[in-house]
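Colleague: Quick one, structure for this:
(2 chains)
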2 protein chains.
Amino acid sequence: MISLLDLCRRIESGALSPNDALCESLATIAQADSEIGAFVAVDAGVRPGGAGPLQGIAVAVKDIMDTADLPTEYGSPIYSGWRPKADASIVALLRRAGGSVIGKAATTPFAFLDPAATRNPHNTAHTPGGSSSGSAAAVAAGMVPLAFGTQTGGSVIRPASYCGVAAIKPSFRILPTVGTKTYSWSLDTPGLFAATIADVAYALAALTGRDEMRIDQRAPEAPKIGLVLQDFAGDPEDASREALERAVSAASRAGATVIDLSLPDPVSAAFPEHPTIQDFEVRQALAWEYDHHRDALPPILRESLDAAQGITPVQYDAARRITNRARIALRDVFSDCDVLLTYAAPGAAPKGLSSTGNSRFNRLWTLMGNPCVSVPGLYDGADLPVGIQVIASFGADDKALAAAAFLEKAIQDYQS
Amino acid sequence: MISLLDLCRRIESGALSPNDALCESLATIAQADSEIGAFVAVDAGVRPGGAGPLQGIAVAVKDIMDTADLPTEYGSPIYSGWRPKADASIVALLRRAGGSVIGKAATTPFAFLDPAATRNPHNTAHTPGGSSSGSAAAVAAGMVPLAFGTQTGGSVIRPASYCGVAAIKPSFRILPTVGTKTYSWSLDTPGLFAATIADVAYALAALTGRDEMRIDQRAPEAPKIGLVLQDFAGDPEDASREALERAVSAASRAGATVIDLSLPDPVSAAFPEHPTIQDFEVRQALAWEYDHHRDALPPILRESLDAAQGITPVQYDAARRITNRARIALRDVFSDCDVLLTYAAPGAAPKGLSSTGNSRFNRLWTLMGNPCVSVPGLYDGADLPVGIQVIASFGADDKALAAAAFLEKAIQDYQS
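Modeller: Sure thing, here's the model as predicted:
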């Protein structure tokens, strides 16, 4: 994988030109992507942006984010060859920071559950996860130092876990969704993929102007960690259970305090409300597609939209009230600890490309809007990556990143 | 003006065909719009939708809402001739209810303050208000029975007041913004214009499936009204002061209780935070337009965007915290009354077309997300309309509409 920070340092020192950095990515894509399928469009004429913290950085942009100079197809033949007029806001922020869109990353259709054609770079017989399939795979395969994705259920943290890369789903609306195809306006959250936690943090700071996100210039302090097993979401597979156990051992050995933590009842009670909110909103968000192109929708999405037509405003309003109570109750949890630690996914990437895996350990946190980070570095018996998920209070993305970096290093030290 | 409910009754009884209802609107537009300038595009081939509560209803859709079959230009030459791929969600909901888009209503560029070319039907030397200029004017001139607009500061309630029509800015996100050009994602709220409060309520019920919004089948009860003068927003002109006084007299005579009410300090404290949130978000929402077409932006918007580049994330986060505290404090206000009553605008529509008026009596309520209704029926000494504004607690759009209908009738009875 390409470390974004390493690349920036080489560019800043003059050892590498911004243009050569982009060309290296183009060469890797040309060499590797026929097997992986991370990209649906590549800009062979990509050029460096102006001076800025991301100058020379090639970014894979999920293809539900509008680009004025590349097609944007939302993973669907309904939008075949579609060319938006303007860049999505997150793309405009990237260009302001000097970064370059090297291509559009494969997405599941409209970022739901029907798989994209992308393969997992760690084992091409396995899914990379979804819906940000191409974004996670492009970073994992060393094609780009940074990729943009989105999460409505678990579409950032899950593919990061399956592909063994670092990722953040920041606090809700810290990164803008303008110009990104809407699935659920209460849930859709842009996220970032990179090789390491420090890389992700640097990119988030560069895009948002929130310099406190950076963690590359300070040693992370030992955090107080609340261990959360999310029983309401069912049992994990052995791979995820063992990964979490090893992370706890590593963190403890490195000096962190780890306490077992039960989520308050109002928080657990919100878990089953996620689909009600998501489905009631997508039935409006994709109303035109459903009414005019139902037969061109992929089967899982079409069935989900069929079922969603029956949800009532009363059910939706009740789900929002339960969610609001949960958000308030969740604040108190962070008086006992700096961050929460839990599973990033039920296990390693499932075999086959017919499913993108399951978001049951991610959904609640998307609904709450809290920052979530997937920490790389752990593997199952078959050498497939297994992430762990760090969660901080709303707006404390810097704390989530610092604790994730602490865990990332603790895991490296523990295994060496 | 055309009453939506009257039209629906005539269509339902067979006295009028849906197609003839649309043709009547086309004829009125052809006759009157060269003087008013409410429309930027008209669909001369408009056809009735399928069976539904809005079948045969011609709707003027603000031109920041995407339509697949008509150009969508956001009031800006940057988007001259632009044709989106899909309908905005609110347009798709309209078609599901059987309604028809008869044309695109003039909007100020990107729904900010630079005026559109539309004139006030009550006196063409005066502004109709903005940013939903064409939507309010099209209803006021009797061209259509229903129009869609949006409000980020005061862009629904203010033009409704200036044009003497009924309008609702519903609770935040009860009507979807998907496919509507974003200015500020925390503030942008779609709204509806029609001849009477009952018409607006019927349309809102038809679009959302929230039947409790309808008020045409029950007599409104006398509400307990909290009178709010919004001192923090400055003094009103005589026209608005007198309109509010007459509304209070009419309401009291009709049996309503009216109490003087001071907003709690945390609520008033949020008033000056509106521009910080709006401007920090629009700087991201219109980043592509600013970076690629700054010279094509109109002067007021361009200056505002220039200034917005200096707002820091720290200032934005502080504004959001103050806003959240205000929303919580505002809930308690409604334990003392059913609705609030206040000015809809500083006065009657200003003379000239160089300004669309001022949103200072609307901004706080957009920021709070509460449902706001402008009640028609009052006029100043020059026979220009002056609205009054009814506000209910979040989610209680039915209460706002019922109290507004009570006031609408009380004002009619008082003046006759």
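
Colleague: and chain A, which residues reach chain B?
Modeller: Contact residues (C-beta under 8 Å from any C-beta of the partner chain) of chain A with chain B: A:68, A:79, A:82, A:85-87, A:89, A:91-93, A:95-96, A:173, A:176-179, A:182, A:185-186, A:208-210, A:281, A:284-285, A:287-289, A:291-292, A:312-313, A:317, A:395. The C-beta positions use only the backbone N, C-alpha and C, and glycine is treated the same way.

Colleague: Weed out the non-buried ones from the residues you listed.
Modeller: A:68, A:79, A:85-87, A:89, A:91-93, A:95-96, A:176-179, A:182, A:185-186, A:208, A:210, A:281, A:284-285, A:287-289, A:317, A:395 (16 or more other C-beta atoms under 10 Å in any protein chain shown).

Colleague: So which of those are in helices?
Modeller: A:89, A:91-93, A:95-96, A:208, A:281, A:284-285, A:287-289, A:317 (DSSP state H).

Colleague: Make TSV out of these and add pLDDT.
Modeller: TSV is the format used below for these (pLDDT from 0 to 100):
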residue	pLDDT
A:89	98
A:91	98
A:92	98
A:93	98
A:95	98
A:96	98
A:208	98
A:281	98
A:284	98
A:285	98
A:287	98
A:288	98
A:289	98
A:317	97
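
Colleague: which pair in these spans the largest distance?
Modeller: Spatial extent of these (C-beta to C-beta) is set by the pair A:95 and A:317 at 39.8 Å.

Colleague: contacting residues around stretch A:11-19?
Modeller: The contact list for stretch A:11-19, computed with C-beta atoms under 8 Å, 6 or more residues apart in numbering or on different chains, reads A:7, A:10, A:21, A:47-48, A:55-56, A:98.

Colleague: Convert that stretch to PDB, retaining C-alpha atoms only.
Modeller: What follows is stretch A:11-19 as a C-alpha-only set of coordinates in PDB (Å, rounded to 0.1, in the frame of the first residue of the first chain):
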ATOM      1  CA  ILE A  11       6.800  15.400  -2.700                       C
ATOM      2  CA  GLU A  12       7.500  18.100  -0.200                       C
ATOM      3  CA  SER A  13      11.200  17.300  -0.100                       C
ATOM      4  CA  GLY A  14      11.400  17.300  -3.900                       C
ATOM      5  CA  ALA A  15      12.300  13.600  -4.100                       C
ATOM      6  CA  LEU A  16       9.200  13.000  -6.200                       C
ATOM      7  CA  SER A  17       7.300  15.400  -8.400                       C
ATOM      8  CA  PRO A  18       3.500  15.600  -8.000                       C
ATOM      9  CA  ASN A  19       3.100  14.500 -11.600                       C
END
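
Colleague: what distance separates it from the centre of its chain?
Modeller: 28 Å (C-alpha atoms, centre = their mean, to the nearest Å).

Colleague: farthest-separated two in the contacts of stretch A:11-19?
Modeller: A:10 and A:47 (18.5 Å).

Colleague: Between the two, point out the one with more neighbours.
Modeller: Neighbours per residue (other C-beta atoms under 10 Å in any protein chain shown) separate residue A:10 from residue A:47, with residue A:10 holding more: 16 against 9.

Colleague: Next secondary structure element downstream of the particular helix or strand that has that one in it?
Modeller: Using DSSP states H and E, residue A:10 sits in helix A:4-13. As assigned by DSSP H and E, the chain's next helix or strand after helix A:4-13 is helix A:18-36.

Colleague: Quick check: buried residues in that next one?
Modeller: So for helix A:18-36, counting by 16+ other C-beta under 10 Å, buried means A:18, A:21-22, A:24-26, A:28-29, A:32-33, A:36.

Colleague: Same question for stretch A:120-139.
Modeller: A:120-122, A:126-139.

Colleague: Please state the offset of that stretch from the chain centre?
Modeller: 12 Å.

Colleague: tell me the mean pLDDT over that stretch?
Modeller: Across stretch A:120-139, pLDDT averages out at 98.

Colleague: Tell me which residue lies nearest the centroid of chain A.
Modeller: residue A:156 (2.0 Å; C-alpha atoms, centre = their mean).

Colleague: Three-state assignment for the closest residue to that residue other than its chain neighbours, please.
Modeller: Nearest residue to residue A:156 in three dimensions, chain neighbours excluded: residue A:191, at 3.4 Å (C-beta to C-beta, 6 or more residues apart in numbering or on different chains). Of the three states, residue A:191 takes strand under DSSP: H, G, I helix; E, B strand; the rest coil.

Colleague: how about the helices of chain A, start to end?
Modeller: A:4-13, A:18-36, A:89-96, A:133-140, A:157-163, A:197-208, A:238-253, A:265-268, A:274-285, A:287-293, A:299-308, A:313-333, A:363-368, A:397-415.

Colleague: Taking the stretch 301-416 of chain A, what residue is nearest to chain B?
Modeller: residue A:313 (5.0 Å; C-beta to the nearest C-beta).

Colleague: Flag the shaky bits of chain A, pLDDT-wise.
Modeller: Counting by pLDDT under 70, chain A contains no low-confidence segment.

Colleague: swap the cut-off to 80 and go again
Modeller: Scanning chain A with the threshold set as pLDDT under 80 gives A:219-220, A:416.

Colleague: Tell me which stretches of the stretch 51-200 of chain A form strands.
Modeller: A:58-62, A:100-105, A:146-151, A:166-169, A:189-194 (DSSP state E, counting those that start in this stretch).

Colleague: right, and those - which one's nearest residue A:341?
Modeller: Per C-beta to C-beta, nearest to residue A:341 of these: strand A:166-169, 15.0 Å.

Colleague: Quick one: list the elements packing against that closest one.
Modeller: Secondary-structure packing of strand A:166-169 (3 or more C-beta pairs under 8 Å, 6 or more residues apart in numbering or on different chains; DSSP states H and E): helix A:157-163, strand A:189-194, helix A:197-208, strand A:372-375, helix A:397-415.

Colleague: again, only this time at 6 Å
Modeller: With contacts defined as 3 or more C-beta pairs under 6 Å, 6 or more residues apart in numbering or on different chains; DSSP states H and E, strand A:166-169 has these neighbours: strand A:189-194, helix A:197-208, strand A:372-375.

Colleague: before we move on, the earlier item: tell me the contacts of the residue nearest to residue A:156?
Modeller: A:149, A:151, A:156, A:167-169 (C-beta atoms under 6 Å, 6 or more residues apart in numbering or on different chains).

Colleague: hmm, who's touching stretch A:396-407?
Modeller: A:170-171, A:197-198, A:201, A:212-213, A:215, A:220, A:223, A:247, A:251, A:338-339, A:371, A:373, A:375, A:390, A:392.
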